[in-house]
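Asks: here you go, sequence then predicted model.
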Amino acid sequence: MDSETKPAAIVLDGNPLTLSEIEAVSAHHRLIAIAPEAISRVTRSRHVIESILETGQTVYGVNTGFGKLADVRIPAEHLAQLQTNLVRSHACGLGDPLSESETRAMLLLRANVLAKGFSGVRPELLQLLTDMLNAGVHPIIPAKGSVGASGDLAPLAHLALVLIGEGEAVSLPSPIWPEP
């Protein structure tokens with residue numbers, strides 16, 4: 001394959017990725033795309049969360065505190081701040097950053113899990129993760145600090161900081177693939 005030929009994007013649909021697909025994206029900068037059916041699932045899941053908020057239901061982690069504060073209802077006007085504070089509080093990693101390929105694999109796998117449509121996230125989050133990978137934007141994620149539960153909260157929090165406009169990231173100096 002010559003340098004002008006773009007291989008087909010790997011399409012994320014929430015189904016398991018092969019090791020060769022993970023390597024193609026993480027080590028060789030293969031482009032990714034989101035399957036339309038994944039966007040539909042994510043959109044439906046998000047509507048469930050919005051319905052919960054509109055009807056005033058109390059749901060753990062959506063409009064309550066966490067842990068011992070699980071019974072404390074958070075007023076609607078403070079929910080965004082709660083989510084931001086949660087990300088900031090878990091971004092407590094330290095040490096050398098993960099390698100570029102490890103970070104890319106993490107972004108890829110997180111995007112693919114969200115493509116399942118079970119998390120209640122906005123479709124824009126899935127698109128942002130995809131755009132970051134395709135543009136070569138990589139959060140700086142410290143290698144130490146994982147609590148070893150719930151998907152390794154400390155590394156994911158460092159990833160999330162970049163998604164909310166905080167934290168640190170590096171980017172490739174030019175697009176991965178030349179434009180036609």
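Replies: That came through fine. Numbering: from 1, shown residues only.

Asks: surely residue 157 and residue 84 touch.
Replies: No - with contact defined as Cβ atoms under 8 Å, residue 157 does not reach residue 84; the gap is 11.0 Å. (Each C-beta comes from the backbone N, C-alpha and C, glycine too.)

Asks: the two: who's more crowded?
Replies: residue 157 (20 against 14; other Cβ atoms under 10 Å).

Asks: which strand or helix spans the more buried one?
Replies: helix 153-163 (DSSP states H and E).

Asks: for residue 17, same thing?
Replies: Using DSSP H and E, residue 17 sits in no helix or strand.

Asks: so what's it up against?
Replies: 10, 108, 109, 112 (Cβ atoms under 8 Å, 6 or more residues apart in numbering).

Asks: just checking, the last one touches residue 14?
Replies: Okay, so that is residue 112. Yes - if you go by Cβ under 8 Å, residue 112 and residue 14 touch, sitting 6.2 Å apart.

Asks: so which of those two has more stuff around it?
Replies: Ranked by neighbour count (other Cβ under 10 Å), residue 112 and residue 14 place residue 112 first, with 24 against 19.

Asks: what's the separation between the residue lying closest to the more buried one once chain neighbours are set aside and residue 120?
Replies: Closest residue in space to residue 112, ignoring its immediate chain neighbours: residue 12 at 4.8 Å, by Cβ to Cβ, 6 or more residues apart in numbering. To residue 120, residue 12 is 18 Å away according to Cβ to Cβ, to the nearest Å.
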